[in-house]
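Chemist: turn this into a structure:
(2 chains)
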Amino acid sequence: MNGAKRKWKAVIVDDEELARKLLREMLNAHPEVEIVAECGNGMEAVKAVGEHRPDLLFLDVQMPKLTGFDVLELIDRNGVAIVFVTAFDQYAMKAFDVHAVDYLLKPFSRERFEAALERAKNQEGKKPVDPAELAAASRPTGQYAERIVVKDGSKVSLIAVSKLDYAEALDDYVSLVSEGKKHLKQQTISGLELALDPALFVRIHRSYIVNLERVARIEPYGKDSKVAILTNGAKLPVSRAGFGRLKALLDDKK
Amino acid sequence: MKTSDIGRSVWAALAIAGVLFALIMGTLLVTSWKMNWLAAALLAVPMAVLAQAVAWAAQFTCRSNPLGKSDVWRTVLTHITAALVLSYLWVSAGWVAAGWVDSMLGTHTNYKLYAELQTRLYGVGFSYYLLGVAFHYMLFAQKASQEAQERALESSIRAREAELSALKAQINPHFLYNSLNSISALTSIDAARAREMCVSLADFLRLTLGMGEKAVIPLREEVGLLEKYCAIEKVRFGNRLHIEEEVQEDAKDCLLPPLLLQPLFENAVVHGIAQMAEGGWIRLRAARNGGRVSVSVENSWDPEAGSSRKNGVGLRNVQRRLEARYGNQAQLEAKAEDDVFRVSISFPAETEKSK
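Modeler: Numbering: from 1, shown residues only, chains lettered A, B, ... in the order given. Sure thing, here's the model as predicted:
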């Protein structure tokens, strides 16, 4: 592909109209970039990225319902160069720095914008960051996710972590069980474990994380292993190491 | 002086008064009534101790009849009744003591002597109780003025804190940087509006900086500041932000600590409006009902937005500042009902004139 003639598709996501207009204005100086969608919230952004498969995504961080990090978790990031746009947020900036993602701090100069655009254009083909890790790094230490975003087909669901019963690892996915429903999410169970408050959730097994409040009792199972019975009747295997963690946590609570 | 120090000083005063009482009574009994020293001491000491109990008991009647707050005639009547009852009890106890002195010393004279003294002793008991009343009222007044001083001090500290946190609020991501970004966008789109926004931002900063210096400001000034704040946020959020204002005319003169309501508006924007894609509203209501002012700040919010209610800090600050200025005369209530978040406060009405 010839770089000079190449067309770039861009999507702008910001909940403030003026902020979107500003990005549009700056992009207007680049005829090779075509703005295919402007989105006022995260839901629209997830839809627009699916529809248009843009090359560039300008993404605000603080937005209602779905944050920029949530959007990142829900889209297919292959071939999309992402530039975060945010007002001063020390944790988000730290996360961007750690993961070498480009970002624009509001308000930004045209020079800074040009540099970000240039870098984004050259970012193609690089391995995309793990959004769960990025989101975890953007939280102040001691703060954990309050909800988990999941995309079921075209529908986006928010699961409050307090309503999550347990999570099971299924290859590249985790199955999240909440209020009698199962949601599949493309994430590693270790990535999920990082996001959850270790005082409330325990990795009881290589493949299972359980909400401590849902554990009704632990029963022996076979010679060496144990099984956790949840309040909803579900039975989950508990590994030896998992039992140790569970016991330590329950002892702490006493 | 702390409250515990006041308690200790009461005991010290009673002890000193007791010793003096016993010395004077004993001396008088010996010199004027020709009682012998031992009998005088045996009678004067218990009587002095009991007299202190009478004075000490005065605090209860004083407490239930605070000066300036209860009916004058009721107060006078209560104290006279209490004086009569207590002096009767005191004199009766004296009878017992006199009889006891006679039986101890094998004499009969003291009991007779006491009969002669009786009327005067009623007078002494009566006056001593009233002395106790005066003492306790004085002590209460001192305590009240101390508490008022402490409250004033705390109130000025809180006002400083509010100024500081209002300043910090302007340096936080949700306000200053976003406002500057809006201005940056407006410069090419609508230069006149960009200038307008610069002016609003400057006005808001100037007002905030000046207000922290004062202990109280009229509600109209606080509302003026809120209007500036909203004007700025309105540029950012456009038609996502709706403001309604129902401030009654007679409430506008009422005084309140500066920047008391601003954090409530900021919470409404950050946790309410900014979390709703389709936007929402903030409603300010203020009314004066006789001696009290009630103000409420309501905003629409999305209970499912999962915005961690970090505004706990802001609310606690407002509560502390109310307490600092009005003690238990102020109320704050924060409530989330369905999709409305409401903070209602009420406090005593003061105006520049009434002060």
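Chemist: residue 142: neighbouring residues, count only.
Modeler: Since no chain was named, I'll use chain A. 6 (other CB atoms under 10 Å in any protein chain shown). (Each C-beta comes from the backbone N, C-alpha and C, glycine too.)
Chemist: not what I meant, chain B
Modeler: B:Q142: 13 neighbours (other CB under 10 Å).
Chemist: roughly how far does it sit from B:Q59?
Modeler: 13 Å (CB to CB, to the nearest Å).
Chemist: show me which positions of stretch B:91-107 end up buried.
Modeler: B:V91, B:A93, B:G94, B:A97, B:A98, B:V101, B:D102 (16 or more other CB atoms under 10 Å in any protein chain shown).
Chemist: just stretch A:76-83 next, same as before
Modeler: Within stretch A:76-83, the residues scored as buried using 16+ other CB under 10 Å are A:R77, A:V80, A:A81, A:I82, A:V83.
Chemist: how about the second one, phi and psi?
Modeler: Main-chain torsions, A:V80, degrees, to the nearest 10: phi -110, psi 120.
Chemist: so what's it up against?
Modeler: Contact analysis of A:V80 by CB atoms under 8 Å, 6 or more residues apart in numbering or on different chains lists A:V49, A:R53, A:P54, A:D55, A:L56, A:L57, A:P128.
Chemist: quick one: the second one and A:R77 touch, right?
Modeler: No - under the criterion of CB atoms under 8 Å, A:R53 lies out of contact with A:R77, with a separation of 11.0 Å.
Chemist: show me where the stretch 201-350 of chain B has strands.
Modeler: Ranges of strands within the stretch 201-350 of chain B are B:217-218, B:241-247, B:255-256, B:280-289, B:292-300, B:331-337, B:340-348, based on DSSP state E, counting those that start in this stretch.
Chemist: who touches the first one?
Modeler: Outside of strand B:217-218, the residues within contact range by CB under 8 Å, 6+ apart are B:M211, B:K252, B:D253, B:C254, B:L255, B:L256, B:P257, B:P258, B:T351, B:E352.
Chemist: what's near enough to touch the fifth one?
Modeler: Pointing back at B:L255 there. So B:L255 contacts B:V216, B:I217, B:P218, B:L219, B:E350, B:T351, B:E352, B:K355 (CB under 8 Å, 6+ apart).
Chemist: over to the first one?
Modeler: Going by CB under 8 Å, 6+ apart, B:M211 touches B:E163, B:I217, B:E221, B:L225, B:P258, B:L259.
Chemist: quick one, phi/psi of the closest residue to chain A within the stretch 201-350 of chain B?
Modeler: At 4.1 Å from chain A, B:A277 is the closest residue in the stretch 201-350 of chain B, using CB to the nearest CB. Dihedral pair for B:A277: phi -60, psi -40, per degrees, to the nearest 10.
Chemist: how near is it to B:D339?
Modeler: 14 Å.
Chemist: in chain A, which residue is closest to the centre?
Modeler: A:E73 (3.6 Å; CA atoms, centre = their mean).
Chemist: in chain B, which helix is the longest?
Modeler: Assignment by DSSP state H gives helix B:109-170 as the longest helix of chain B.
Chemist: how far off centre is that one?
Modeler: 16 Å (CA atoms, centre = their mean, to the nearest Å).
Chemist: stretch B:63-83 now?
Modeler: Mean C-alpha position of stretch B:63-83 versus that of the full chain (CA atoms, centre = their mean) differs by 23 Å.
Chemist: picking that back up, need the buried residues of stretch A:76-83 in TSV with pLDDT, can you?
Modeler: Shown next, in TSV, are the buried residues of stretch A:76-83 (pLDDT from 0 to 100):
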residue	pLDDT
A:R77	82
A:V80	87
A:A81	88
A:I82	88
A:V83	91
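Chemist: would you turn those residues into TSV with secondary structure and distance to B:F204?
Modeler: Compiled in TSV, the buried residues of stretch A:76-83 are given as follows (DSSP: H, G, I helix; E, B strand; the rest coil; distance: CB to CB, whole Å):
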residue	secondary structure	distance to B:F204
A:R77	coil	40
A:V80	coil	39
A:A81	strand	38
A:I82	strand	34
A:V83	strand	31
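Chemist: and which of the residues you listed is nearest to chain B?
Modeler: A:V83 (14.9 Å).
Chemist: tell me the contacts of that closest one?
Modeler: Counted by CB under 8 Å, 6+ apart, A:V83 has contacts A:L56, A:L57, A:F58, A:L59, A:D102, A:Y103, A:L104, A:A116, A:L117, A:A120.
Chemist: what does the stretch 101-250 of chain B have sitting close to chain A?
Modeler: B:172-174, B:177-178, B:180-186, B:188-189, B:235-238, B:240 (CB under 8 Å from any CB of the partner chain).
Chemist: before we move on, the earlier item: which of the contacts of A:V80 fall within strands?
Modeler: Among the contacts of A:V80, the ones falling in strands (DSSP state E) are A:L56, A:L57.
Chemist: now, of the contacts of A:V80, which are buried?
Modeler: Of the contacts of A:V80, these count as buried by 16+ other CB under 10 Å: A:V49, A:P54, A:D55, A:L56, A:L57, A:P128.
Chemist: of those residues, just say which sits nearest to chain B.
Modeler: Out of the buried ones among the contacts of A:V80, the member with the shortest distance to chain B (by CB to the nearest CB) is A:V49, at 16.9 Å.
Chemist: how about that closest one, nearest residue that isn't a chain neighbour?
Modeler: A:I75 (4.5 Å; CB to CB, 6 or more residues apart in numbering or on different chains).
Chemist: ditto for B:M104
Modeler: B:L42 (6.9 Å).
Chemist: wait, that neighbour sits on B:T107?
Modeler: No - under the criterion of CB under 8 Å, B:L42 is not in contact with B:T107, lying 11.0 Å apart.
Chemist: picking that back up, ranking the strands of the stretch 201-350 of chain B by burial, who's on top?
Modeler: Compared across these, strand B:255-256 shows the largest average neighbour count, a mean of 24 (mean count of other CB atoms under 10 Å in any protein chain shown).
Chemist: which bits of the stretch 1-150 of chain A sit near chain B?
Modeler: Counting by CB under 8 Å from any CB, the stretch 1-150 of chain A sits next to chain B at A:15-19, A:21-22, A:25, A:40-41, A:43, A:62-65, A:86-89, A:105-108, A:146-147.
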